[in-house]
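Peer 1: how does the following fold in three dimensions:
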Amino acid sequence: MRLLLLAKLLVPFLWMLPGQAGKQSDIRLRRPVALTLIEDGKILLIANRDSGTVAVLDTHKLKQIKETRVGRKLSDMTATPNGNLTLVTDEEAGEVIVLGRQKGSLQELRRIKVGLSPVSVQISDDGKLATVACLWPRRLAIFDPMTPDKVDHVDLPFAPRRQLLVPGTAKVIVADSFAGQIAVVDLQHKKLESVRNLAIHNIRGLALDRQMKHLLLTHQTINGRAHNTKGEIRTGNLITNNLRKLSLTDLLDPLADVGRNERVYSLGDVELGAGDPAALAESFDEQIVVAVAGTNEVVIGRPELALWTRLPVGRRPTALAVDPARKRAYVANSFGDSISVVDLASRKVVDTVSLGPAADLTSAERGEVHFFNARLSFDSWFSCHSCHPDGHTNGRLNDNFTDGSFGTPKRVLSLLGVKDTGPWAWNGKMPDLEAQVRNSLKSTLQGPEPSAEMVRDLTAYLRTLPPPPSVLKARGTIDTDAHKRGAKVFARQKCATCHTPPTYTSAKTYDVGLRDEAGEKQFNPPSLRGISQAGPYFHNNRAISLREVFSRYRHELSGALSEQELSDLLYFLGSL
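Peer 2: Here you go, the predicted structure:
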């Protein structure tokens, strides 16, 4: 009887043991998001977002030999070259899991609290220094993985995601998760050294070339004055998907102009878009390899010659690992739960390794797949994620027809917490979220007629997205007294008339003294939740900062504010 009970208790954990691939208990979503090669490329480590597992793949046999649960929602992974130390970020737990390798197995050494939403991690070759980008706190955590008693933080002016340690220096390059800022952080003095603002967004790949002379990055660029028509989409006038080369010397020099030596290359072509480029690397012959997440492809080529070979891989390839000889690339297909193996010399996909039995998707999970699918747009140039990175906003202007006119570009709104903020669109003319989704698929993406099921699934996914936390709350630095004073100013100024708690929006439209190019003056107020994670402000981005909304434009103020009252109001808004 006791043995039977023990066997029942062990059933849910059988997937943690080697040799269990294909078992019924193994059917679940992995969603691989990060890859790391160790032992001279003999072993590939795979971090799986949804299952919270790290899988170990033998690259010679192309066989998964181990899978271990280490966290709740994994976001990134890195390792020292010898593989003795592996760091994994758990976005949900706010932790870095430090793993050691003993007799071929990964063993947990410790867990380090680094802050809310850690999304990327880097480690020095000697394993004595690690950096973690924390998204919503807008911070870089710096610590020694072996003596983690002290974690230092450097505040950033943007929400970070990708980062890259620069070999031979005490510098790390950190990229904006949503818009186009790039920062250089001095690790020795633990301070922000410089910030460059590029007119780009969705930076999803960072790498150095082999000569260590250039920073390579993938991104998108949107033209706020172009219309969402098929003609402007097809020619790349509306949105482009790019590979950019920046001089590393210029980037590391705070006084240099990073644009003077830059090179920009298009990854798409007329009638053949390359929506949502992600990870990238350089091959053995100095060709560039890019995972194009939105079109389920890898492209290989020489950008200066505009010659690209496009290889179909699995669903949403987001991460790459290239072996030491740079002749083989491993591609993480995040929505395919698989790894594609690409021979870079022959430019062929030579194998695909499944990470486990496929699981049936819920409506919201199907909606997530649609949200990141650039093939739903005309000629595959962009996806929902292109303008709403991970559901948030790229902060740019877009001139689509959802407000009933062209020539009236509007700021892209965040979709985080969107289920609570109806009606939708800047003019508030969309009565339900399903209508807004259908309209966006047809008029913004200019794609095929969406099915009722697709609209339901996308809407179900959007309803799972919570609003972003304020920067102050994410950092855990709320000043209760300042918050209370600011709330009183908010009430005295009758801000709640349009921005009514708890969602800090309302269902009506208002004339607040702003007009678009067509003369429209009635706007539905955006929610103020997470407003510190947004900006610029107003429908046309005219206010650079939240302070400028009041100090320059005096937005709906009923009377003069003292400097103290303005500071308190800004603090209150920044805490929402």
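Peer 1: am I right that Ala482 sits in a helix?
Peer 2: Yes. According to DSSP: H, G, I helix; E, B strand; the rest coil, Ala482 belongs to a helix.
Peer 1: tell me if I am right that Val195 is in a strand.
Peer 2: Yes. With three-state DSSP as the criterion, Val195 is part of a strand.
Peer 1: apart from its chain neighbours, what residue comes closest to it?
Peer 2: Nearest residue to Val195 in three dimensions, chain neighbours excluded: Ala183, at 4.8 Å (CB to CB, 6 or more residues apart in numbering). Just so you know, the C-beta spots here come from the backbone N, C-alpha and C atoms, and that holds for glycine as well.
Peer 1: stretch 192-211: end-to-end distance?
Peer 2: 26 Å (CA to CA, to the nearest Å).
Peer 1: now swap in stretch 252-266 and tell me
Peer 2: Distance between the two ends of stretch 252-266: 25 Å, counting by CA to CA.
Peer 1: which stretches of the stretch 401-550 of the chain form strands?
Peer 2: In the stretch 401-550 of the chain, strands defined by DSSP state E, counting those that start in this stretch lie at 410-411, 510-511, 522-523, listed in chain order.
Peer 1: I'd like those as CSV, with mean neighbour count, distance to Arg492 and mean pLDDT appended.
Peer 2: CSV is the format used below for these (neighbours: other CB atoms under 10 Å; distance: least, CB to CB, whole Å; pLDDT from 0 to 100):
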stretch, mean neighbour count, distance to Arg492, mean pLDDT
strand 410-411, 22, 28, 86
strand 510-511, 13, 19, 86
strand 522-523, 18, 23, 84
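Peer 1: the strand or helix carrying the residue nearest to Val195 - contacts with which helices or strands?
Peer 2: Ala183 is located in strand 181-186, with elements delineated by DSSP states H and E. Packed against strand 181-186 by the contact rule (3 or more CB pairs under 8 Å, 6 or more residues apart in numbering; DSSP states H and E) you find strand 171-176, strand 191-197, helix 248-252.
Peer 1: now whatever helix or strand comes next after the longest one: average pLDDT?
Peer 2: Yep, that's strand 191-197 we're talking about. Remark: after strand 191-197, the chain's next helix or strand is strand 201-208, criterion DSSP H and E. The average pLDDT for strand 201-208 rounds to 97.
Peer 1: sheet-wise, list the partners of strand 201-208 with their directions.
Peer 2: Sheet pairing of strand 201-208 (DSSP bridges) gives strand 214-222 (antiparallel).
Peer 1: let me see the contact set for Arg111.
Peer 2: Ala93, Glu95, Val96, Ile97, Val98 (CB atoms under 8 Å, 6 or more residues apart in numbering).
Peer 1: now do 7 Å
Peer 2: Glu95, Ile97 (CB atoms under 7 Å, 6 or more residues apart in numbering).
Peer 1: list the buried ones in the helix or strand where it lies?
Peer 2: When elements are assigned from DSSP H and E, Arg111 belongs to strand 105-113. The neighbour-count check on strand 105-113 (16 or more other CB atoms under 10 Å) flags Leu106, Leu109, Arg111, Ile112 as buried.
Peer 1: go through the helices and strands packed on strand 181-186 and name the closest to Leu576.
Peer 2: strand 171-176 (21.9 Å; CB to CB).
Peer 1: which helices and strands sit right next to the closest one?
Peer 2: strand 160-166, strand 181-186, strand 201-208 (3 or more CB pairs under 7 Å, 6 or more residues apart in numbering; DSSP states H and E).
Peer 1: worst-scoring helix or strand of this structure, pLDDT-wise?
Peer 2: Lowest by mean pLDDT, DSSP states H and E among the helices and strands of the chain is helix 2-10, with a mean of 36.
Peer 1: now distance to Arg234 and mean neighbour count too, for the helices and strands packed on strand 171-176, in JSON lines please.
Peer 2: Formatted as JSON lines, the helices and strands packed on strand 171-176 follow (distance: least, CB to CB, whole Å; neighbours: other CB atoms under 10 Å):
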{"stretch": "strand 160-166", "distance to Arg234": "29", "mean neighbour count": "22"}
{"stretch": "strand 181-186", "distance to Arg234": "30", "mean neighbour count": "21"}
{"stretch": "strand 201-208", "distance to Arg234": "20", "mean neighbour count": "23"}
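Peer 1: among those strands, which is nearest Leu44?
Peer 2: It's strand 201-208; of these, that one is closest to Leu44 (CB to CB) at 17.8 Å.
Peer 1: touching the closest one from outside, list them.
Peer 2: 162, 164, 173, 175-176, 178-180, 215-220, 222, 248, 277-282, 290, 386, 389, 394, 396.
Peer 1: before we move on, what about stretch 473-492?
Peer 2: Leu116, Trp136, Pro137, Arg139, Leu472, Ala496, Glu565, Asp568, Leu569, Tyr571, Phe572, Ser575.
Peer 1: now that we have the residues you listed, which of them are buried?
Peer 2: So, by 16+ other CB under 10 Å, the buried ones in those are Leu116, Trp136, Pro137, Arg139, Leu472, Glu565, Asp568, Leu569, Tyr571, Phe572, Ser575.
Peer 1: so which of those residues sit within helices?
Peer 2: Leu472, Glu565, Asp568, Leu569, Tyr571, Phe572, Ser575 (DSSP state H).
Peer 1: which one of those residues sits closest to Thr295?
Peer 2: Leu472 (38.9 Å).
Peer 1: follow-up on the earlier one: can you give the distance of the strand holding Ala183 from its chain's centre?
Peer 2: 17 Å (CA atoms, centre = their mean, to the nearest Å).
Peer 1: one step back: quick one, which of the helices and strands packed on strand 181-186 gets closest to Ile46.
Peer 2: Short answer: strand 171-176, nearest of the helices and strands packed on strand 181-186 by CB to CB, at 23.1 Å.
Peer 1: quick one, the closest one and strand 181-186 angle?
Peer 2: 160 degrees (axes from the mean of the first three to the mean of the last three CA atoms, to 10 degrees).
Peer 1: chain center to strand 171-176, what's the gap?
Peer 2: From the chain centre to the centre of strand 171-176 is a distance of 14 Å (CA atoms, centre = their mean).
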